[in-house]
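Chemist: Okay, here's the prediction I keep looking at, along with the sequence it came from:
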Amino acid sequence: MVEPEQVRPLAPAAQRLSSDDDEVSTNLRRRKHLKCCSCIAAATLILAAAAVVLAFTVFRIKGPIINLNGVTIDQLDLVNGTTLVGGANISLTADVSVKNPNYSSFRYRNTTTTITYRGAVVGEVRGPPGKAKARKTVRMNLTVEIVPNSLIHNPNLQTDIASAILPLNTYSRVPGRVKMLNMIKRHVVVKMNCTFSVNITSISIQEQECKRHVDF
């Protein structure tokens, strides 16, 4: 005699609906979690990209630019307009500017400018400390008193005076520091070496050539 098949009762409709709701809710939570993770990852990438861009643009410390704008002879005592004697008063004023290309100020210590004539030091001046504001230029007028005896003993002096052309060389050194957001500090030394000729008659600069260098 064949036994009748056992018929399993169907789950109640309410239980089936509850199971489906749980599955849908789980899927929704997974999607929200994925979206949240994606948003966080995207935000992190954007911040990283922005940090890289700022590091190479705004927060990148650049070397200040130093320029010799001009040199004027304030006083030059010559006998008969051609001869320099001991004890003569000679002074030069160098117009030097420092341009700060950074987005933070450049604070510099005492500046030094040395003037040489055909390899011999004939004068030196020290400028006071100061500050070049962000993306601004500061100018300094440095007056140098020349030591006459250092010129007189040079055998080329009278020939240069007779030709009205005096070849000079200046070396300027500006040490300082650039500070970004009170976090990034960088010590900088700006140097400039200029060779030029001064026309004694017209008191003008001729054939000026400058070489600049920045040490970090």
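Modeler: Sure, I can see it. Residues are numbered from 1 along each chain as shown.
Chemist: Show me the shaky parts of this protein.
Modeler: For the chain, applying pLDDT under 70 flags the ranges 1-24, 27, 47-59, 76-88, 203.
Chemist: That one: helices as residue ranges?
Modeler: Secondary structure of the chain (DSSP state H): helices at 13-56, 148-152, 157-162.
Chemist: Show me what the shortest one is packed up against.
Modeler: Just to be clear, that refers to helix 148-152. Under the contact definition 3 or more CB pairs under 8 Å, 6 or more residues apart in numbering; DSSP states H and E, helix 148-152 sits against strand 120-127. (C-beta placed from N, C-alpha, C; glycine too.)
Chemist: for the strand it packs on, packing partners?
Modeler: Here strand 120-127 touches strand 90-99, strand 111-117, strand 137-145, helix 148-152, going by 3+ CB pairs under 8 Å, 6+ apart.
Chemist: which stretch among those comes nearest Ala42?
Modeler: Among the helices and strands packed on strand 120-127, the nearest to Ala42 by CB to CB is strand 90-99 (39.8 Å).
Chemist: Distance from the chain centre to that closest one, please.
Modeler: How far strand 90-99 lies from its chain's middle: 21 Å, per CA atoms, centre = their mean, to the nearest Å.
Chemist: Provide the strand pairings for that strand, with the direction of each partner.
Modeler: According to DSSP bridges, strand 90-99 forms sheet pairs with strand 65-76 (antiparallel), strand 137-145 (antiparallel).
Chemist: Show me the one of these that comes nearest Gly119.
Modeler: Ranking these by proximity to Gly119 (CB to CB) places strand 137-145 first, at 16.9 Å.
Chemist: in that closest one, what's buried?
Modeler: Neighbour-count burial for strand 137-145, counted by 16 or more other CB atoms under 10 Å, picks out 138, 140, 142, 144-145.
Chemist: Output that strand as CSV, restricted to C-alpha atoms.
Modeler: Presented in CSV, the C-alpha positions along strand 137-145 are these (Å, rounded to 0.1, in the frame of the first residue of the first chain):
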residue,chain,number,x,y,z
THR,A,137,59.3,94.5,-3.7
VAL,A,138,61.4,96.4,-1.2
ARG,A,139,64.1,98.9,-2.3
MET,A,140,67.3,99.9,-0.5
ASN,A,141,69.6,102.8,-1.2
LEU,A,142,73.0,101.8,0.1
THR,A,143,75.7,104.6,0.3
VAL,A,144,79.3,103.3,0.1
GLU,A,145,82.2,105.4,1.1
